[in-house]
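> The sequence and its predicted three-dimensional model are supplied below.
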Amino acid sequence: MHYQLDEKTAVAQLVSALLAKLKKASIHRVKAVRIRRGTPFSEALLRAEFTRIVDNTPLQGAVIVMDDFTCNFTCKTCGVSHFITGDNLFDLLFICPDCGWSHEIENAGMLELVDVMPCLDTQDDGPA
Ligand SMILES: [Zn+2]
């Protein structure tokens with residue numbers, strides 16, 4: 001049985017790692033966070049959980065930009081490359097249309113931080 005994180009655990013891990021990084025970089029406010037959502041996660045649940053746990057942290061009020069999972073995958077059996085999206089996956093399994101072999105796409109089950117856009121303390125919201 002494949003171990004799969006639920007939304008609550010995935011968001012908690014991502015946020016605690018991110019907060020540690022922000023602290024190190026002395027970033028006190030974040031404008032937006034970009035996240036790549038693994039295919040098993042519900043976007044609505046991720047957003048709700050994120051909003052719930054970031055109160056009173058530098059992430060409070062940050063816009064969450066969510067990318068759907070995609071990747072380029074080269075079939076290990078026949079060597080043909082495919083661009084994979086959530087639509088091509090059964091759970092985490094990709095079935096190669098060229099040879100019919102199935103492969104587990106591990107990254108498709110993860111929640112990944114793509115980018116963080118901090119607010120600069122010395123600037124207001126106007127254009128720089
Ligand atoms: Zn193949």
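Everything's here; your move.
> hey, let's count contacts and neighbours off CA atoms from now on
OK.
> what does this protein put close to the ion?
Cys75, Cys78, Cys96, Asp98, Cys99 (CA under 5 Å from the ion).
> Closest to the centroid, which residue in this protein?
Central residue check for the chain by CA atoms, centre = their mean: the C-alpha nearest the mean position is that of Arg36, 2.7 Å away.
> wait, doesn't Phe50 sit right on Ala10?
No: under the criterion of CA atoms under 8 Å, Phe50 lies out of contact with Ala10, with a separation of 9.9 Å.
> Neighbour count: these two, which is higher?
When Phe50 is set against Ala10 and neighbours are counted by other CA atoms under 10 Å, the residue ahead is Phe50, at 22 against 18.
> Find the nearest non-adjacent residue to the more buried one, please.
Leaving out its chain neighbours, the residue that sits closest to Phe50 by CA to CA, 6 or more residues apart in numbering is Val11, at 6.2 Å.
> Give me the mean pLDDT for the helix or strand hosting that neighbour.
Taking DSSP states H and E as the criterion, Val11 maps to helix 7-24. For helix 7-24, the mean per-residue pLDDT is 96.
> Distance from that helix to the middle of the chain?
Remark: helix 7-24 is offset 12 Å from the chain centroid, using CA atoms, centre = their mean, to the nearest Å.
> Kindly report the same for stretch 106-122.
Between the mean C-alpha position of stretch 106-122 and that of its chain there is a distance of 7 Å (CA atoms, centre = their mean).
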